[in-house]
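K.L.:
The sequence isn't on hand, but the structure is:
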DNA sequence: ACCGCCGGGTGCC
DNA sequence: ACCGCCGGGTGCC
């Protein structure tokens, strides 16, 4: 799945050519510039002092070079470590003097391989490779020259042919006879798809029944998944890329060897498509495989003749003090779905202890957690607890098993959630995700690291052995990635087959576009707003201040989109585009309004610093929105003259404004019902369709979806008038109310609601609304992926009918233009994988063209 | 001999 | 380290 949003700050950020401001991309100092690094050349040096250290190395083994500025004998010292992190020696001091400056200023990354690593007593040679950005090459060569060193040019055919430079440590192969050809985008893409293709075959087709305590019959593909997961937890196979040699174990990527058998990953990635039952399979795993393939011992509930229920206690443990509890971490949006599914799938005769570690009353006592069978929590709680160092109960428990649901949540290695997840303790580690490799190999690292797959927990080894070979197209790189992924991942798509039959027989899904024509009056209002907005945006273009007025432009587009739905949505027409001399109070209010605008415009804003969705948004005086912790860190690290990462304007903590509200953001802040209710063309079109539907199939249920919750409110009126029983689900509702709404709607009882008013982003992926077989999408989303996700809430396992989706699109409006760009984005996304970033000017031009196209400029 | 040469002591950063 | 380097002992043929 891809993020299609074209108004994302990260695009702006690259469009401005600011990638190399360390304060932006490199907050923690760990981010490597991997995409644009080139090999400057190589240099032979020596490692000395071997006899003082225990780290040993093999011939051609990769080594890590690590600065050691606190060394009391030489502040230029550079340590040499083996893959395991054990020190082998130091770089000889003259060479270290040359390297220190280069490494400290991050002008280049220096990597080593020891060609004759074995059996040295005092010193050994080391072959060093220098990697960096093109523009730093001269500086690096100069620095080396000053100390009397000169790089040998990269060996011939370095980009694709010779393996030892970037990929596997050795031995050095002769250059191939034929020139290497770079894979095209399409080829690369299809290579990538192949990563998962063979997963369906080989040894993953064994089936296994769930334990007696699993109350639901598993489908064949779920039994396969269960068998695979159980075997992953119990097997003693070597992890990928390790071989057993006479009396030691050998890693064929790094040439590292050790006597201790490397632990296999007792887990992996379950990457089935949404709707195939990852949750159920995981529940089955927990119940079925406690120790040595024996089921989780739980209490049996018995009813005696007096109809009183008692719980028959059982011997709780097979062995004395092993860990018992499974921890499940998921996004808040699917927490209740987990609880539901436990209720649904655990056999009613058994009692399983489930503790939901959420809310302010959560127990701070680790032993309360470790006594459970299952502990459920969210990524936010996990990260918050981890933040208060040392006192996180979750991190003090040794878990039997850790499951990360929606595992792509941890794809950013610098995010607190990721760090918190990586530091959980437990041998069996699982990641559930529908999107294992989004559009880059980079995203995979956090997952692999979480799984504790040696030696990839250290980013350097991941980068040198997998990521760089793949992105540079080095021979064998993709194959290596493929065998890695294959060995730890199970993935089936909705179209995968089991024994010749589709794994899921989903009914058809049709998308219809229903054009709507505005009435004369509506058209007038729309045109005048469009004229006003167009004039303003034209002015921004001619002034060259498009970026500075980003929020205003989004605002114009938002108002036009609202007018397509209903005139009452667009009431805050404070068309105050220029207002410089304001009181602080006015300024504050303006900023808050603009931030709300950006957040509510559905443009899927990301924080330009962490590139994640905005969690605690703050707005700068220059009207750019970031996560609070991110922008604070920028200010801290750049003080005293911090600049906005997006526009380089002055940045000050005291100028930042936080988002004040807790309730759902909806900029159409409807001046509640003080206006008389009236209909609109879109509402008419919807009601017409609903009444027709009721006439033809009275039992059919449908979702009415909009991004504007006030629009949903306006729709309630005619629904009541026409006698529809309906319910509603939006982001502002409390958890309990949501659950009620969903249960009520899913019920098949006579008189249960046939219509659900649904806000586009309510719920999240776990939301199951299969009772509906019709969807009416009232307004197009910026991001077509968000639409698809919404459709999948009813077009999923359990859907009995064909699903028909109707998108209402106003003729000759911004909505039509949005659709055009959506289609273009879809096409682009389908073909684009791991391509070179388009140049800054290209991105900028595209964006400008899109703004123009949206408002017919 | 303010040299050469010898041979013992010694050894990362 | 079966090296280099240091510094003390030593000194025609």
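P.N.:
Received it, and whenever you're ready, just let me know what you need. Quantities reported herein were computed from a predicted structural model and do not represent experimental measurements. Numbers count the residues shown, from 1 in each chain, chains lettered A, B, ... in the order given.
K.L.:
Surely residue A:342 touches residue A:283?
P.N.:
Yes. In this structure residue A:342 lies within contact range of residue A:283 using Cβ atoms under 8 Å: 6.4 Å. Where C-beta positions appear, they are placed from N, C-alpha and C, glycine not excepted.
K.L.:
In terms of packing, which of these two has more residues around it?
P.N.:
Neighbours per residue (other Cβ atoms under 10 Å) separate residue A:342 from residue A:283, with residue A:283 holding more: 28 against 18.
K.L.:
show me what contacts the more buried one?
P.N.:
A:214, A:341, A:342, A:345, A:346 (Cβ atoms under 8 Å, 6 or more residues apart in numbering).
K.L.:
where's it relative to residue A:354, distance?
P.N.:
Distance of residue A:283 to residue A:354, computed by Cβ to Cβ, to the nearest Å: 10 Å.
K.L.:
Give me the common contacts of these two.
P.N.:
residue A:342.
K.L.:
Touching, residue A:274 and residue A:793? I think so.
P.N.:
No. The criterion here is Cβ under 8 Å, and residue A:274 misses it with residue A:793 at 9.7 Å.
K.L.:
who's more crowded, those two?
P.N.:
Neighbours were counted for residue A:274 and for residue A:793 using other Cβ under 10 Å; residue A:793 has more, 26 against 20.
K.L.:
Secondary structure element for the more buried one, which one?
P.N.:
Here residue A:793, judged by DSSP states H and E, is contained in no helix and no strand.
K.L.:
That one and residue A:729 touch, don't they?
P.N.:
No. Contact status for residue A:793 versus residue A:729: not in contact, 9.9 Å apart, counting by Cβ under 8 Å.
K.L.:
coming back round to it: least trustworthy position among the contacts of residue A:283, going by pLDDT?
P.N.:
In this model, the minimum pLDDT among the contacts of residue A:283 belongs to residue A:341 (91).
K.L.:
and it, how many neighbours?
P.N.:
So residue A:341, with other Cβ under 10 Å, has 19 neighbours.
K.L.:
How much space separates it from DNA strand B?
P.N.:
57 Å (Cβ to the nearest atom of the strand, to the nearest Å).
K.L.:
check which helix or strand covers that residue.
P.N.:
Residue A:341 belongs to helix A:332-345, assigned by DSSP H and E.
K.L.:
Next up, the contacts around the residue of chain A found nearest DNA strand B.
P.N.:
For chain A, the residue closest to DNA strand B is residue A:49, as judged by Cβ to the nearest atom of the strand, at 2.4 Å. Each residue near residue A:49 by Cβ under 8 Å, 6+ apart is listed here: A:89, A:90, A:122, A:123.
K.L.:
re the thing from before, contacts made by the helix holding residue A:341 with the rest, please.
P.N.:
A:214-216, A:279-280, A:283-284, A:328, A:330, A:352, A:354, A:356, A:358, A:374, A:376, A:378, A:380, A:405-406, A:735, A:738-739, A:763-768.
K.L.:
Give me the subset of these that lies in strands.
P.N.:
Among the contacts of helix A:332-345, the members found in strands (DSSP state E) are A:328, A:330, A:354, A:356, A:374, A:376, A:378.
K.L.:
my guess is residue A:42 meets residue A:130, correct?
P.N.:
Yes. Counting by Cβ under 8 Å, residue A:42 does reach residue A:130; the two are 7.3 Å apart.
K.L.:
and residue A:401, helix, strand or coil?
P.N.:
The three-state assignment at residue A:401 reads strand, by DSSP: H, G, I helix; E, B strand; the rest coil.
K.L.:
Can you name the residues bridging to it?
P.N.:
With DSSP bridges as the criterion, residue A:401 is bridged to residue A:326, residue A:428.
K.L.:
wait, it sits on residue A:327?
P.N.:
Yes. At 7.3 Å, residue A:401 counts as touching residue A:327 under the criterion of Cβ under 8 Å.
K.L.:
which neighbours do the two share?
P.N.:
residue A:426.
K.L.:
Turn the ones in strands among the contacts of helix A:332-345 into a markdown table, columns for distance to residue A:414 and neighbour count.
P.N.:
Below are those laid out as a markdown table (distance: Cβ to Cβ, whole Å; neighbours: other Cβ atoms under 10 Å):
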| residue | distance to residue A:414 | neighbour count |
| --- | --- | --- |
| A:328 | 24 | 29 |
| A:330 | 21 | 25 |
| A:354 | 32 | 18 |
| A:356 | 29 | 16 |
| A:374 | 30 | 24 |
| A:376 | 26 | 24 |
| A:378 | 20 | 22 |
